[in-house]
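1. Provided below are the primary sequence and the corresponding predicted coordinates.
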Amino acid sequence: MACLAGAMFPYWFLSTPRIGAMLLSACMAGSLLGGIESTYAAMLGGFVVGFAQVVMTLWLMSLLGEWMGAYRLMIPMAILIFVLLLEPRGLVGVIERLRATTVGKQIESRLKR
């Protein structure tokens, strides 16, 4: 899927030889947010980071002005810093920590019914 996405990318966006370095922070933030151990969680993390990047960019541009659009690539970096500071294992670590509590066990038993 990554090869197909890389082949189709120039059809929708202006691309240069440096486009990989620009996308690397968003890809890394998404995979760390979801968790490296799970493919599906990494896909969910990538969706969350991409959605947050678009929404936060639009919100900051409407709040502070059009010049904030140039700082669009800083949003995944901020997400990456917060994930590494708060929960380095991403969503997988949060779910495992929740399962260890009594509330998590109650939720899990209700979902099994």
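-> Happy to help now that I have it.

2. which stretches of the chain have low pLDDT?
-> Low-confidence regions of the chain, defined by pLDDT under 70, are absent; no residue qualifies.

3. grab the longest helix from it for me.
-> For the chain, the helix with the greatest residue count under DSSP state H is helix 39-64.

4. now for Leu60: which residues touch it?
-> 68, 71 (CB atoms under 8 Å, 6 or more residues apart in numbering). Where C-beta positions appear, they are placed from N, C-alpha and C, glycine not excepted.

5. at 7 Å what do you get?
-> Listed by CB atoms under 7 Å, 6 or more residues apart in numbering, the contact set of Leu60 reads Met68.

6. start at 37 instead
-> Will do, 37 is the new start, and the previous item becomes Leu96.

7. any idea how far it lies from Ala114?
-> 11 Å (CB to CB, to the nearest Å).

8. now do Gly129
-> Counting by CB to CB, the gap between Gly129 and Ala114 amounts to 19 Å.

9. name the nearest residue to Arg125, sequence neighbours excluded.
-> Nearest residue to Arg125, sequence neighbours excluded (CB to CB, 6 or more residues apart in numbering): Gly71, at 5.8 Å.
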